[in-house]
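Asks: got a predicted model here, sequence first, then my questions.
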Amino acid sequence: MILKVRPSHIGGFVTVPGSKSHTIRAVAIAALADGVSEIRNPLVSEDTLSAVEAYRSLGAEIECLEGLWRVKGFERRFGNTARCKVVNETIDVGDSGTTLYIAMGIAALGFEESTFIGNERIMRRPVKPLADVLNQLGALVTCSEKGTPPVRIVPCRCPKDRDKRAGCFTPKGIREVTLDCSKTSQYLTALLLNYPTACCGTVIHAKDLVERPYIDMTLNWVRSLGIVIDEEPGNVFKIRGGQEYKPFTRDVPSDFSTATFFLCGSALASMTYGTPITVKGLDMNDTQGDKGVIDILRQMGASAEINEEGVTITASRLRGITVDLGDMPDSLPMLAVTACFAEGVTRFTGVAQARLKETDRIAVMRQELTKAGCDIEETEDGLIIRKSDFKGGCLSGHGDHRVAMSLAVGGCFAQGETVIEDADAVSVTFPGFAEAMVSLGADLVKQ
């Protein structure tokens, strides 16, 4: 898909869809529960549908209705604990890294052997740190020599009972492991979601933990469903074994990561045209890390009005700042575009893990914004951006939804037409992005 954007006078109201991170966690936990759960307002996108198919392959029954997903989880196959029973041995997670890691944890405590694959980008995702820990916890997990998929998992089994039908459980007691979390928090999420259902306790030392808000999201989910996980200083998590998930009915909150495009777009629109954007439906009490974008925009000189109508960002000018994005790496592409319009120099630091997302987002944003005429410099863990004229031109989304959407928003404030090739991945999180932009007044066409 190609997006063509001309300079546009945008403003108005927009409602963003449900959170991808919440939706994927909800489907995984519902699959682990013994009974029927209902997920209301799920995000319907390529990534979340990949999660649905993955958990179907692991034995869950999932009915996707408009605005409602009904999930019948794994049956209780050992004591009170629900376990997956693989339906399709080869499980394709598409482009969803979160699904890959969580499903690896589910499969390690399952009944059947399984192999995980995905699209070209997933096949480059690092899995070895999680695979090593799952091996320590009793499973047999192998991956490529590069530490990437395909991932083959033979579930862990009690030494006294090697029969697959008996289930896959580590011996009773407590296992203690150290997990490298310097590249992604998703490894830790996989263990926090799954290992309460192991028959033994698990103590995890999360080393160099990044993206802490996503861990808070995971902990909020499991604790709200009665799961006990204690935390000690130094990112030490103590998981009680032998716990079970009960079925639930929950609403998925709106996605702050998607809202980032419109919050930043509002600052630029109000500064350029005097017409801000109000983003409706956001829960300011939610733990999503990208909620911090509002505070970053405030630091850059914008004002934020938060009321029953929604969140409205206004600005007469923006100034460059230095900010650590370690807790919100998904915000980097759109904030990088925004920084091009800010006075002085903006430095984004602490976000080296952005190199391991769908693309190397640090390198890709430097490449594309340079092509658009911007003054941008790449560092090991971030970007340095000086105020520039965003000229537009022929750019690439590199198959990364957040890159494509950020460049499209920037195109509304460019000096000329912006053509964004390889933009199909927008459907990963927001299939209705183009339509939402047009509703705000954007002169945007998709081809």
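Replies: Received the coordinates, thanks. Numbers count the residues shown, from 1 in each chain.
Asks: going by C-alpha atoms from here, please, whenever you check contacts or count neighbours.
Replies: Fine.
Asks: might you list the low-confidence residue ranges for the stretch 1-150 of the chain?
Replies: 76-81 (pLDDT under 70).
Asks: redo that, cut-off 50
Replies: Scanning the stretch 1-150 of the chain for pLDDT under 50 picks out the ranges 78.
Asks: what secondary structure does Ile420 sit in?
Replies: strand (DSSP: H, G, I helix; E, B strand; the rest coil).
Asks: ok, now which ones touch it?
Replies: 2-4, 394-397, 404, 407-408 (C-alpha atoms under 8 Å, 6 or more residues apart in numbering).
Asks: pull out the buried members of the residues you listed.
Replies: 2-4, 395-397, 404, 407-408 (16 or more other C-alpha atoms under 10 Å).
Asks: narrow those residues to those in helices?
Replies: 404, 407-408 (DSSP state H).
Asks: from those residues, which is closest to Ser270?
Replies: Ala408 (17.2 Å; C-alpha to C-alpha).
Asks: can you pull the contacts of that closest one?
Replies: Contacts of Ala408 by C-alpha under 8 Å, 6+ apart are 3-5, 418, 420.
Asks: hey, where'd the strands end up in the stretch 151-300 of the chain?
Replies: Per DSSP state E, counting those that start in this stretch, the stretch 151-300 of the chain carries strands over the ranges 151-154, 174-180, 201-207, 229-232, 236-239, 249-251, 277-280.
Asks: circling back to that earlier point, reformat the ones in helices among the buried ones among the contacts of Ile420 as a markdown table; add pLDDT and distance to Glu358.
Replies: Below are these laid out as a markdown table (pLDDT from 0 to 100; distance: C-alpha to C-alpha, whole Å):
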| residue | pLDDT | distance to Glu358 |
| --- | --- | --- |
| Ala404 | 98 | 12 |
| Leu407 | 98 | 16 |
| Ala408 | 98 | 18 |
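Asks: any idea how many residues pack against His299?
Replies: Let me fix one detail, which is that residue 299 is Gln and not His. 16 (other C-alpha atoms under 10 Å).
Asks: that one touches Ile321, doesn't it?
Replies: Yes - with contact defined as C-alpha atoms under 8 Å, Gln299 reaches Ile321; the gap is 7.3 Å.
Asks: hang on, Tyr195 packs against Ile204?
Replies: No - if you go by C-alpha under 8 Å, Tyr195 and Ile204 don't touch, sitting 10.3 Å apart.
Asks: which one's more surrounded, those two?
Replies: Remark: of Tyr195 and Ile204, Tyr195 carries more neighbours, 23 against 20, as counted by other C-alpha under 10 Å.
Asks: kindly provide the distance from that one to Pro431.
Replies: 34 Å (C-alpha to C-alpha, to the nearest Å).
Asks: what number of residues lie near the residue nearest to Glu46 when sequence neighbours are not counted?
Replies: Closest residue to Glu46 apart from its sequence neighbours, by C-alpha to C-alpha, 6 or more residues apart in numbering: Val428 at 4.5 Å. By the criterion of other C-alpha under 10 Å, Val428 has 23 neighbours.
Asks: one more: Thr278?
Replies: Taking other C-alpha under 10 Å as the criterion, the count of residues near Thr278 is 22.
Asks: that one and Val52, how far apart?
Replies: From Thr278 over to Val52 (counting by C-alpha to C-alpha), the distance is 32 Å.
Asks: next one: Ala363
Replies: The value you get for Ala363 to Val52, if C-alpha to C-alpha is used, is 32 Å.
Asks: ok, the two, which is more surrounded?
Replies: Val52 (26 against 17).
Asks: for my notes, confirm that one occurs in a strand.
Replies: No - counting by three-state DSSP, Val52 is not part of a strand but helix.
Asks: so who does it touch?
Replies: By C-alpha under 8 Å, 6+ apart, the neighbours of Val52 are 27, 62.
Asks: which one, of the strands of the stretch 151-300 of the chain, ends up nearest to His9?
Replies: strand 277-280 (11.2 Å).
Asks: that older thread, so which of the contacts of Ile420 would you say is closest to Ile376?
Replies: Leu407 (14.5 Å).
Asks: any idea how far Ile384 is from that closest one?
Replies: 17 Å.
Asks: same question for Thr218.
Replies: Counting by C-alpha to C-alpha, the gap from Thr218 to Ile384 is 32 Å.
Asks: who's more crowded, those two?
Replies: Neighbours per residue, other C-alpha under 10 Å: of Thr218 and Ile384, the larger number sits with Thr218, 23 against 20.
Asks: quick one: that one and Ala190 touch, right?
Replies: No - between Thr218 and Ala190 there is no contact under C-alpha under 8 Å: 9.2 Å.
Asks: need the contacts of Ile420 in CSV (columns: distance to Leu43).
Replies: Formatted as CSV, the contacts of Ile420 follow (distance: C-alpha to C-alpha, whole Å):
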residue, distance to Leu43
Ile2, 23
Leu3, 22
Lys4, 25
Cys394, 30
Leu395, 28
Ser396, 25
Gly397, 22
Ala404, 19
Leu407, 22
Ala408, 21
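Asks: can you tell me which of the residues you listed is nearest Gly241?
Replies: Ala404 (42.9 Å).
Asks: so what's that closest one closest to, chain neighbours aside?
Replies: Closest to Ala404 by C-alpha to C-alpha, 6+ apart is Gly397, at 4.2 Å.
Asks: which residues touch that neighbour?
Replies: Per C-alpha under 8 Å, 6+ apart, neighbours of Gly397: 403-404, 407, 420-423.
Asks: now render these as CSV, adding distance to Leu65.
Replies: Output for these, formatted as CSV (distance: C-alpha to C-alpha, whole Å):
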residue, distance to Leu65
Val403, 30
Ala404, 29
Leu407, 33
Ile420, 33
Glu421, 32
Asp422, 30
Ala423, 27
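Asks: farthest-separated two in these?
Replies: Across the contacts of Gly397 (C-alpha to C-alpha), the longest gap, 11.8 Å, separates Leu407 and Asp422.
Asks: ok, Gly320 touching Met300?
Replies: Yes - under the criterion of C-alpha under 8 Å, Gly320 is in contact with Met300, at a separation of 6.1 Å.
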